[in-house]
Structures are given as C-alpha cells and as structure tokens.
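Asker: Okay, sequence plus prediction incoming.
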Amino acid sequence: MLSFLRRKKPDEPQRRLSVEELAAAFPNQDAAPAETVADEPVGESPSPAIEATGFAARVEAAGTSAETPADETIEDARTAAVASEAALDVAINDPAVVDAAAESLAPAEAPVAMPEAEARIEAPDVEPASVESAPAVEPAPAVKPASADVPGIATDAPAAPAGKRGWLERLRGNAITRSLGGLFSRNPKLDDDLLDEIETALITADVGVTATTELVERLRKRMKAREFADANALLSALRADLLAMLEPVARPLVIDRATRPFVLLTIGVNGVGKTTTIGKLARRFKDEGRTLMLAAGDTFRAAAVAQLQAWGDRNGVHVVAQGQNADAASVAFDALQAAKARGTEVLIADTAGRLHTQQGLMAELGKIKRVLQKLDPAAPHEVLLVIDGTTGQNAISQLRQFNAAIGVTGLVVTKLDGTAKGGVVFALAREFGIPIRFAGIGERPEDLRVFDAAAFVDALLPESLGAG
Ligand SMILES: Nc1nc2c(ncn2[C@@H]2O[C@H](COP(=O)(O)OP(=O)(O)OP(=O)(O)O)[C@@H](O)[C@H]2O)c(=O)[nH]1
C-alpha cells in the first residue's frame, strides 16, 4: 500500500496558507489560461478539397457498399464497413479500379455537402470534449483573426509564448507544481513526511502508482543513506529522476525527405484533439515549407470533415474527402493515390475517434493500414496516437490497445494546458518507451510544441528548482 495512504497525521491540524504565502508560491497564478471559444461557422469553401467518390463507387459496384442503412446504428454500419475489406482488397488489386480512382481525383467544383446531424460515440471514461455542431455554410466575416473560422480552434485565447516560458505559463496550475510549490515554500524538514507529501503530489498529478512508488522509494533509499543535505537537495534529485524518465521518449518526429509522401496516420479515442492536432501540424509543416495534403478520414463526425476542410482552406492545403459515413480506408487510399500523383511531401490522415475497447472499430484501423500498404508497403510511416493529457491512467490502456491494433510509433499528448494533472506522461514513458513527439498546450494553431523533457519537468517543479 502507498505510504501516503498508510501514514496518518491526525494530531497535525491542516495549516492554512496565508495570502502572502500563496502569492509567493504562485507568483503568476493569474496568468490567463487558454480560453475555449465556441466554434465559429465555417465560411463557404473556395476549397481545394478533392472529391474522391469514384473509388468508393467502384467498391460499391462490387457489392461492398459501406453505406449506412437509415435504420442501422452507426456502429453497426462501421462494423459492416470493416467486413467489406475483402472486396475492397479485390478492388484495390484491380488496375482498372485503381486507374479509375486516380482519374476521379480531379479537384471538385464544390465542397462536399455535410449533413446537418452529427453522430458521435460517447467515451464514458474520457473527459468530454466540447460538442461541435455541424457548421452552417455562410460566408466568413472579412476581418477575423487567422484561425477565426476554423471550428475547434480558439481565436481570442492568447497563444503560449515561445520557448520555455510558454511551457511554464501553460502548466503552472499543475498539481505537482501547486503541491510542491506550497510544500517547499514552507521550508520542509528532510523526513518521511516530506516523502509522503511528494508521493501525494505525484499520485494526484496522475503519475501513476507504480511510477510514483519507484520514484519515492529511490528517494527514500538515498535519504536514509544521507545523500541529501536538505529538502531542496532531495527535490533536485526528484527533478533529475523525472527528467531521466522522460528523456528517452523525447524523440522528435523526423520526416524522411526521401519518402514521398511521408504518411502520418492520427488515431485516438473521441475528442482527444486529433483533428485539432492535424490542423496544428499542417500549420507547422507549411511553415517549414513542406507540401502537404490532408485526408478527412474521420468520416463519422460531420464537423470533423468540415473542420479539416477549413484548415485546408486556411493553409492552402488540399483535403481529400468523401463525406460523412464514407469508408475511411477508401478515403486514405484515395488521398495516398493523389499525394503520390502530385509528389506531395507529407500526407496526414485523420481517423474517427474510437474507444480502445471496441474491437470492431479497432480492427478498422488495421484495415486502413493494410489498404495504405497496397500503394506503399512502408505506409503509414508514422502512427500518431493522440492522448488527452487530462485522461489520467486510462491513457495506459488506450496506448496498450491502440498499439496492439495498429502499432503506435509516436504520441501527441494534448490539453496539457488545461489540466491540473498531466503526470500520465511519466506513466506512459515508463510503461512503453514510445516517443512523445508533440505536446498540445493550447487551442491555437501555434500551441503544439515538440515535446521537450526538460521544459516539461521544469514547468512542473517549483520555479526556484525548476531552472535546474
Ligand atoms: N486546451 C486545449 N484544448 C485542446 C487541445 N487540443 C485540442 N483541444 C480541444 O479539444 C476539443 C476536441 O478536439 P478535436 O480535434 O475535435 O478532437 P478529435 O479527437 O478530432 O474528436 P473526434 O473526432 O470526436 O474523435 C476541441 O475543442 C479542441 O479545441 C489542447 O492542446 N489544449
């Protein structure tokens, strides 16, 4: 059992911090956190969206329609789509079908019309995301900030400042920061109680029982061996241990320029921020001068296709879409075909959110991968699992299941700004060792950072020690 549960301190009344002490502990506590902004309507798209229905039509003609009958549940329909894989494979291997698909990739005259209704799978054990309604089609107001008409992207929240300061500002409310900040401002004694409080702070911040126990027991051993002169020396050792856990996974995504297109497939449970992350990545890659294309493979949520198309318009990026309830594997195939034909450097494919416990939907991911491999045996070159940093220990089973279904090569941990936790990053690193490529620290296009272990740890620990 954990020592912080075991040890009781009934004789010690809870001391309330004075206003001055609190102010000293949180010098910038009123630094404004990112504000979530309601979705804006999407303007009518002058879009480079590519209508790619020819391939799907061929697949249907082969008697493998993945269309959802009106009276079927959406999940049934999607399970049926998985069942159609054999016939889809046959179609893909038919050169006539492939050629027809390539021909059908001419730019569309008009964007795909989105049905009004939006279907979503609810994720009961996941922090609910803001519910997005299918945007009405009306012209965007002329004077709006850069991302004002992109649903799911905040427009008036300030972007996190660049560099370490951005991390510090966005993670300031974290449980580790608050607990340890308060604790060390009281000049604690170097004893077991100090270790208990550190343990509580780590558990509260979702570092996880196993990782926390390991960290604390290592510190306890060193404390008993009289390695620490004072409490601050112990906290410095904690910082070093936390950093050592994260450094091996802080491996940035390297896009191999020789691979065209470099295919990035984004996956994850509902509402974790996949589509938003794709928008942010699109912005990043455009800024790096790369050519790219997006595949609107979240064919389940109408707003997701519109969201991606809006991102495409904003950044001048082609979006391959077939509309709601289309077969996601077919969209991915069409997009890869088009990206190859154009010599595009990067293709980012979106997928619908799915619970890691839903076997049929998880199998669909394997299908998308196999279909992509018909055109490029090495694709997808990166399978990015997007994890909501507020999810807590459930993230462990998400990663385990998605990894088993498709093989995860990189992680994006989002919403680290909005959470009092975020310690799950340590648990993930310890358990799997899979690279953490990016961190989402806000809703703005700029708020995606290459994961930096030192910046993250420094942002979590009290500023006096955080600088290292
Ligand atoms: N604060 C904060 N919000 C974020 C971040 N990333 C995404 N979000 C918000 O999370 C919500 C859900 O994001 P989406 O991109 O729609 O999530 P999704 O995974 O594509 O959703 P589904 O398609 O339903 O599975 C939106 O309101 C985003 O603005 C982040 O790093 N910080």
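Answerer: The structure has been received and is ready for your questions. Just so it is clear, the structure is predicted and the values come from calculations on it, not from any experiment. Residues are numbered from 1 along each chain as shown.
Asker: Check which residues of the helix or strand harbouring residue 236 are buried.
Answerer: Counting by DSSP states H and E, the element that carries residue 236 is helix 231-246. Buried residues in helix 231-246, counted by 16 or more other Cβ atoms under 10 Å: 231-232, 234-235, 237-239, 241-243, 245-246. (Glycine included, C-beta is placed from N, CA and C.)
Asker: quick check, nearest of the residues you listed to the ligand?
Answerer: residue 246 (18.1 Å; Cβ to the nearest ligand atom).
Asker: Skipping adjacent residues, who's closest to that closest one in space?
Answerer: Leaving aside its chain neighbours, residue 246 sits nearest to residue 453 (3.7 Å; criterion: Cβ to Cβ, 6 or more residues apart in numbering).
Asker: now the one you found: how far from residue 247?
Answerer: With distances taken as Cβ to Cβ, to the nearest Å, residue 453 is found 5 Å from residue 247.
Asker: So between these two, which is more surrounded?
Answerer: Comparing residue 453 with residue 247 by other Cβ atoms under 10 Å, the one with more neighbours is residue 453, at 20 against 13.
Asker: so who does that one touch?
Answerer: 243, 246-247, 249-250 (Cβ atoms under 8 Å, 6 or more residues apart in numbering).
Asker: And residue 169, what's its pLDDT?
Answerer: We have a pLDDT of 63 for residue 169.
Asker: Residue 72 too?
Answerer: 36.
Asker: same check, this time on the one 4 residues further on
Answerer: Looking at residue 76, its pLDDT reads 44.
Asker: Residue 122 now?
Answerer: pLDDT, residue 122: 32.
Asker: swap in residue 439?
Answerer: 92.
Asker: what's around it, how many residues?
Answerer: 27.
Asker: hang on, it is in a helix, isn't it?
Answerer: No - counting by DSSP: H, G, I helix; E, B strand; the rest coil, residue 439 is not found in a helix; it is strand.
Asker: Okay, it and the ligand: tell me how far apart.
Answerer: Look at residue 439 and the ligand: by Cβ to the nearest ligand atom, to the nearest Å, they are 8 Å apart.
Asker: Check residue 197 too.
Answerer: Residue 197 is 29 Å from the ligand, by Cβ to the nearest ligand atom.
Asker: what's the burial count for that residue?
Answerer: The burial count for residue 197: 18, using other Cβ under 10 Å.
Asker: residues in contact with residue 259?
Answerer: With Cβ under 8 Å, 6+ apart, residue 259 has these contacts: 378, 381.
Asker: Could you do the one 3 residues further on as well?
Answerer: Shown here is residue 262, whose contacts under the criterion Cβ under 8 Å, 6+ apart are 255-256, 345-347, 381-382.
Asker: Kindly report the same for residue 256.
Answerer: 262, 381.
Asker: Pull up the distance across stretch 388-396, start to finish.
Answerer: 11 Å (Cα to Cα, to the nearest Å).
Asker: Spell out which parts of the stretch 251-400 of the chain neighbour the ligand.
Answerer: 268, 270-276, 298, 301, 304, 353 (Cβ under 6 Å from any ligand atom).
Asker: least confident pick among these?
Answerer: Among these, residue 301 has the lowest pLDDT, at 79.
Asker: thinking that residue is in contact with residue 350, fair?
Answerer: No - if you go by Cβ atoms under 8 Å, residue 301 and residue 350 don't touch, sitting 9.9 Å apart.
Asker: Can you pick out the residue with more neighbours from these two?
Answerer: residue 350 (32 against 22).
Asker: quick one: low-confidence parts of the stretch 351-468 of the chain?
Answerer: 418-420, 462-468 (pLDDT under 70).
Asker: Show me where it has its strands.
Answerer: Secondary structure of the stretch 351-468 of the chain by DSSP state E, counting those that start in this stretch: the strands cover 382-388, 410-414, 436-440, 448-450.
Asker: mind putting the ones you listed in TSV, distance to residue 321 included?
Answerer: Formatted as TSV, the strands of the stretch 351-468 of the chain follow (distance: least, Cβ to Cβ, whole Å):
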stretch	distance to residue 321
strand 382-388	20
strand 410-414	22
strand 436-440	24
strand 448-450	23
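Asker: Just list whatever residues bridge to residue 266.
Answerer: Under DSSP bridges, the beta-bridge partners of residue 266 are residue 384.
Asker: Adjust the sequence numbering to begin at 16 for everything that follows.
Answerer: Sure, I'll start counting at 16 from here, so that last one is residue 281.
Asker: for the strand or helix carrying residue 294, packing partners?
Answerer: When elements are defined using DSSP H and E, residue 294 is found to belong to helix 289-302. In terms of contacts (3 or more Cβ pairs under 8 Å, 6 or more residues apart in numbering; DSSP states H and E), helix 289-302 is packed against strand 277-282, strand 307-310, helix 317-330, strand 361-364, strand 397-403, strand 425-429, strand 451-455, strand 463-465.
Asker: Can you pull out the low-pLDDT segments for the stretch 116-265 of the chain?
Answerer: Looking at the stretch 116-265 of the chain by pLDDT under 70, you get 116-194, 196.
Asker: let's see 50
Answerer: 116-166, 168-171 (pLDDT under 50).
Asker: before we move on, the earlier item: neighbouring contacts of the helix holding residue 251?
Answerer: 195, 199, 202-205, 209, 213, 226, 230, 233-234, 237-238, 242-243, 440-441, 444-445, 451, 468-469, 471-473, 475-477, 479-481, 483.
Asker: thought residue 462 was touching residue 456?
Answerer: Yes - contact status for residue 462 versus residue 456: in contact at 5.2 Å, counting by Cβ under 8 Å.
Asker: between those two, who's got more neighbours?
Answerer: residue 456 (28 against 24).
Asker: count of neighbours near residue 242?
Answerer: Neighbourhood size, residue 242 [other Cβ under 10 Å]: 12.
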